[in-house]
Structure formats: C-alpha cells, structure tokens
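A.B. asks: fold the following.
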Amino acid sequence: MTESALAELSDSLFSVSVALYSVALVAFCAQLAFGRRTERTREVVGASASASGGVLLDDAPQAAPRPAGGTDQGNRWGAIAIGVTALGALAHTGVLVTRGMAVDRLPWGNMYEFATAVVLVAVVAYTGLALRTPNLRHIGVFVLGPVVLALVAIGLGLYTEAAPVVAALRSYWLAIHVSAAILGFGVFMVSGIASVLYLVRSRPGADAGTGFVSRLPSADVLDRLAHRTAVFGFPIWTFAVIAGAIWAEAAWGRFWGWDPKETWSFVAWVVYAAYLHARTTAGWRGRPAAWVNVVGLAVMIFNLTFVNLVSTGLHSYADVG
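C.D. replies: Next up, the predicted model:
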C-alpha cells in the first residue's frame, strides 16, 4: 500500500474504533443496569489478598458469593462488552500501526498521535484487568465513556495529517521518553477513574437501594484497583521524567529549565508520590488519598491540553500547540 493509502486506512480505523467503543459502552450500560454483581465477605478479602501476595483485585473464588441483584442475561452483556472492547482495541492499535507505516516513524510525534496512544493504553489496561477480575466489568461504562469522549475530542480538535516529525523530535529518545510517558499516562487514567468511583462508592449509604452505585464493585476493590495501577504507573512516569531530562540535555544543553511542560510533569510526579505516601499514612488513607489521586489525573490532563495548546515553551507538537 502507498503511504497515502496507509494514512487513509489509519483515519478509517480511528472511526471504526470509536464506533466499536460506542457499541461496547452501550453493552456496559446494559451490564451495569441488569448484571449481577457478586460480593464476597470482608474476611475473605483480606485472607485472599494475603495469600496471593496482594495481587488480586477481587475476592477469593472459593468464597460463597452473595448476589447483589441483576440477571444472568445482564451479565452476558458484560461479556459482550469486553469482547467488543477488545475488537475496538485491535482497531485502535491499527490506527497507530498504519499511521506509523505511512510516515515511517513511531506514531506519537504530535498531540493527535500521543493522545490516541494514551487512550489505547488505558483501554488495554482496563480490558486486561476486567478479564482477570470479571467484577470490574461493572465499571466499564465509566471507562469507555471517557474513552469515547476523549477520542471524539482528539479527532475533532487535535487531528493532524500524517507527516514527518519536526527536526527536534528526530531522535531515538522519542521511542524512550515519549513511550514511557504514554504508558504512564494511560495507566494513571485508569487509576484516576477508579478513585473517582471509589469516592462515589464509599459514601455513607452507598450500599443501600438498587441504584447503579450499589452495583459497582465494593469500595475496597476500587481502592485497590486505584492504588495498584498507580503503583504500576509511578515508576514508568518517573522514568519518563528522567529520560526527558536526559533528552533535554542532549537537545538543548541543559537537563532542566523549568519549561512549562517540564514543570507540570514534575508537579504530576509530586502529586502521585504524595498519593502513594498518603495511602500508607494514618489519617490520609481512604477518601483523602483518593482525592489526591484524582488531582493527579487532573494535572496530567491539564499538562496534555492547556500546557500544550495555550502556554509557550520549548515543548511543542507538530502543527499543534
């Protein structure tokens, strides 16, 4: 295929991925409305986490389930939603692969490509977790909803024609620094959404009634999801900041210059360090720590949008910002 044909295919796959994610979103809505959430006893939660080295997000499979309403047909919607989400992720991957082939470079040299890759990481991370812990399918609507909105905003506001990157980005550090930033941001996206849901789920009386809140995973499960994804993403983001400083020294002759992008990347690092510390500090566990995590996600989004599009500095993406 020619480069122009590959670029057109990439654009078409972008639309296909949005359509598939939208279908998955509807299926997740049906799962949340009609599915049966299974809860385990609190004692088994602690026992299973200890026995497994603290890696499980759900409760032990050997515990007796306590149904939380819903139907088996509703649960089948969850399986359909995960399947369609996986198809969407394949199409989403194709967007970046074909675009990279069209321009003969890594496909994250501008804001359109970077943001598209971040959303893909978030989708893949959530899908993997939901396959491992089926109870997490009940939060799919709150993951796929932002995903669809983000992709629509990216397509309408950040789209850039496939083209070579600016000279400053023609470096092997693009593969190192930017790849790490994409992975960290995508994982933090899942962590932040989990913390928002934890804040909703942990409110007094959240278990009462038959509304959608009562169908969410327990507050403990959501808290563990937020914490463990943040633990996974934090060293990746740390590496991204360090790699960025090394690249800056090679490109501009200094490791750090308090450029707006550098500053807000460091602010995000501080916020996530504070969250991980708060999770182990008496008086900050629970809701206060979750709020810190939400602030961290807000800082990441601010860094991607406002800093790139409004502020001026050495960091910029081709044709955008």
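A.B. asks: which parts of the lengthiest helix in the chain are buried?
C.D. replies: The residue-count maximum for a helix in the chain (DSSP state H) belongs to helix 219-252. Residues 219-230, 232-234, 236-237, 239-241, 243-245, 247-248 are the ones in helix 219-252 that count as buried (16 or more other Cβ atoms under 10 Å). C-beta coordinates here come from the backbone N, C-alpha and C atoms, glycine included.
A.B. asks: could you pull up the contacting residues of Ile193?
C.D. replies: Remark: with contacts taken as Cβ atoms under 8 Å, 6 or more residues apart in numbering, Ile193 is in contact with Ile139, Phe142, Val143, Pro146, Leu297.
A.B. asks: what does Phe185 give?
C.D. replies: Per Cβ under 8 Å, 6+ apart, neighbours of Phe185: Val118, Val121, Trp237, Met300, Leu304.
A.B. asks: could you single out the nearest of those to Val270?
C.D. replies: The closest of the contacts of Phe185 to Val270 turns out to be Trp237 (Cβ to Cβ; 11.0 Å).
A.B. asks: returning to what we had before: sort out for me which of the contacts of Ile193 are in helices.
C.D. replies: Filtering those for helices - DSSP H - leaves Phe142, Val143, Pro146, Leu297.
A.B. asks: okay, the closest residue to the third one other than its chain neighbours: pLDDT?
C.D. replies: It refers to Pro146. Distances taken as Cβ to Cβ, 6 or more residues apart in numbering place Ile193 nearest to Pro146, at 6.8 Å, with adjacent residues excluded. Listed pLDDT for Ile193 reads 96.
A.B. asks: which element, helix or strand, includes Ile193?
C.D. replies: helix 179-201 (DSSP states H and E).
A.B. asks: strands along the stretch 1-150 of the chain, start to end?
C.D. replies: Applying DSSP state E, counting those that start in this stretch to the stretch 1-150 of the chain gives strands spanning 38-39, 66-67.
A.B. asks: ok, of those, where does mean pLDDT dip lowest?
C.D. replies: Among the strands of the stretch 1-150 of the chain, strand 66-67 scores lowest, at a mean of 44.
A.B. asks: what about Thr160, neighbour count?
C.D. replies: For Thr160, the count of nearby residues is 14 (other Cβ atoms under 10 Å).
A.B. asks: correct me, but it touches Gly109?
C.D. replies: No - using Cβ atoms under 8 Å, Thr160 makes no contact with Gly109, being 9.1 Å away.
A.B. asks: tell me how far Val190 lies from Ala79.
C.D. replies: Relative to Ala79, Val190 is positioned 20 Å away (Cβ to Cβ, to the nearest Å).
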